[in-house]
Structures are given as structure tokens and as C-alpha cells.
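Chemist: fold the following, please.
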Amino acid sequence: MRQLILMMGFIAVVMFPVIAYCSPERLVDSSDYKDKNFIKGCVADYGDMVKGDDIDWVWINPGMSLAGHRLSVATFDNKTDELRNAQVEEIKSTFKEFLGKLKGDKETLSADICIYEVQKFSASKAWIPFAGGHQMQAGIGVELVIKGSGGKTVAKFRHFAREGSKVEDAAQEVAEDLKKYISKH
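Modeler: Just a heads-up that it's a prediction; the model follows:
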């Protein structure tokens with residue numbers, strides 16, 4: 001009996017750090033969030049968001065499957081001063097198109113989307129070793145909050161991507177990444 005208790009204690013001591021190490025990284029614990037330049041978007045609470053597979057940060061209500069739902073863009077907000085109105089309209093249209101491709105027979109969910117960051121194409125970043133070609137591309141950061149029929153939040157996303165020389169190219173990359181992720185989960 002004593003050996004069993006000692007063995008269980010040993011397993012607990014060894015397994016606790018392993019379980020803690022394997023738990024997903026939370027946004028609020030990341031250096032991104034703790035950075036003084038962290039820009040908030042339309043997500044009210046970042047506490048439950050974790051690192052996603054192909055998405056930077058994500059939270060989906062446990063037991064909720066987004067696959068099989070259609071999405072309707074309810075609000076679209078630009079929280080930056082970097083874009084012209086025509087660019088915002090084009091980016092909004094891109095998100096409506098990509099998220100509109102989600103098909104399903106379950107209820108239609110509403111999506112609140114906001115642009116929290118824009119980085120324009122910068123050829124001067126091309127000199128950065130090993131990453132310059134990527135870092136010089138245009139980038140855009142978007143938050144997406146999905147709500148159910150009662151207005152209750154069922155999913156939250158925060159994603160930043162770079163693509164091409166125009167911010168609209170980067171927005172298409174973000175919209176495509178979000179569509180793929182939502183259709184799988």
C-alpha cells in the first residue's frame with residue numbers, strides 16, 4: 001500500500017509539469033499581449049483565447065461546432081487611420097465573399113469584424129536577413145467575433161497575415177485563413 005502511494009505521488013510530481021507544458025499557449029500570457037504596443041480590436045475579453053492551428057489566436061465555445069453554419073457579416077469596423085474608405089469597402093467585400101462561401105444547414109451566425117492593424121508594403125524591409133521578403137509585404141490584423149441567435153458570443157478570432165504589395169491582398173489571405181479554419185472546426 002505504501003509503495004502504491006509513493007508511486008502515485010511520483011506520477012503526480014512527474015505528470016503535473018508535463019500537463020502544464022502541453023497546455024495551449026494563451027494570448028494573455030504571450031509577449032504579444034504584454035507588449036506596450038498591443039492594439040485591441042472588437043474582442044471584449046482575450047482571457048480564453050489560445051494559439052490556433054493556422055490562426056494566430058482563437059476561442060470557440062466548448063461543444064460548439066462552427067462547421068455547417070453559414071455566416072453573415074453584421075458589423076465591419078476599421079480601427080486604424082491607415083486606410084481610405086474605398087479600401088475598407090473592398091476589404092469588407094472580400095470578407096463577405098469568403099465568409100459567404102461557408103455552406104451549411106445549421107443556423108446562420110452573425111460576424112462582427114474589425115481591422116485592428118495595417119502594415120503597408122515596405123521595400124526597405126527587404127534587407128532583413130532570412131525574413132525580409134516576407135516582412136516587406138503588406139499586412140493586416142483582423143478580429144472576428146461570431147455570435148449565435150441570442151447574441152451570445154460562440155467564437156473569437158484574432159489573426160494577422162502578410163501577402164503581396166497591397167493591404168487588400170493581405171486581407172484576402174486573412175479571410176481565406178479564417179474561412180478554412182471555421183469550415184474545419
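
Chemist: ok, now how distant is the nearest residue to residue 38 once chain neighbours are set aside from residue 90?
Modeler: Nearest non-adjacent residue to residue 38, counting by C-beta to C-beta, 6 or more residues apart in numbering: residue 32, 6.4 Å away. C-betas here are computed from N, CA, C, even on glycine. Per C-beta to C-beta, to the nearest Å, residue 32 is found 27 Å from residue 90.

Chemist: repeat for residue 113
Modeler: Counting by C-beta to C-beta, the gap from residue 113 to residue 90 is 14 Å.

Chemist: just give the number of residues close to the residue nearest to residue 38.
Modeler: Counted by other C-beta atoms under 10 Å, the residues lying close to residue 32 total 14.

Chemist: correct me, but it touches residue 46?
Modeler: No: using C-beta atoms under 8 Å, residue 32 makes no contact with residue 46, being 10.2 Å away.

Chemist: scan this protein for its longest strand.
Modeler: Longest strand in the chain by number of residues (criterion: DSSP state E): strand 108-119.

Chemist: pull the CA atoms of that one into PDB?
Modeler: Extracted in PDB, the C-alpha atoms of strand 108-119 (Å, rounded to 0.1, in the frame of the first residue of the first chain):
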ATOM      1  CA  THR A 108     -26.800  31.400 -39.700                       C
ATOM      2  CA  LEU A 109     -24.400  33.000 -37.200                       C
ATOM      3  CA  SER A 110     -23.500  36.700 -37.200                       C
ATOM      4  CA  ALA A 111     -20.000  38.000 -37.500                       C
ATOM      5  CA  ASP A 112     -18.600  41.300 -36.100                       C
ATOM      6  CA  ILE A 113     -15.300  42.100 -37.800                       C
ATOM      7  CA  CYS A 114     -12.700  44.800 -37.200                       C
ATOM      8  CA  ILE A 115      -9.400  45.700 -38.600                       C
ATOM      9  CA  TYR A 116      -7.000  46.400 -35.700                       C
ATOM     10  CA  GLU A 117      -3.700  46.900 -37.500                       C
ATOM     11  CA  VAL A 118      -2.500  47.700 -41.000                       C
ATOM     12  CA  GLN A 119       1.100  47.500 -42.200                       C
END
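
Chemist: what is it packed up against?
Modeler: In terms of contacts (3 or more C-beta pairs under 8 Å, 6 or more residues apart in numbering; DSSP states H and E), strand 108-119 is packed against strand 70-78, helix 85-100, strand 139-147, strand 153-162.

Chemist: and those, which is most packed in?
Modeler: Among these, the stretch with the highest mean neighbour count (mean count of other C-beta atoms under 10 Å) is strand 139-147, at a mean of 23.
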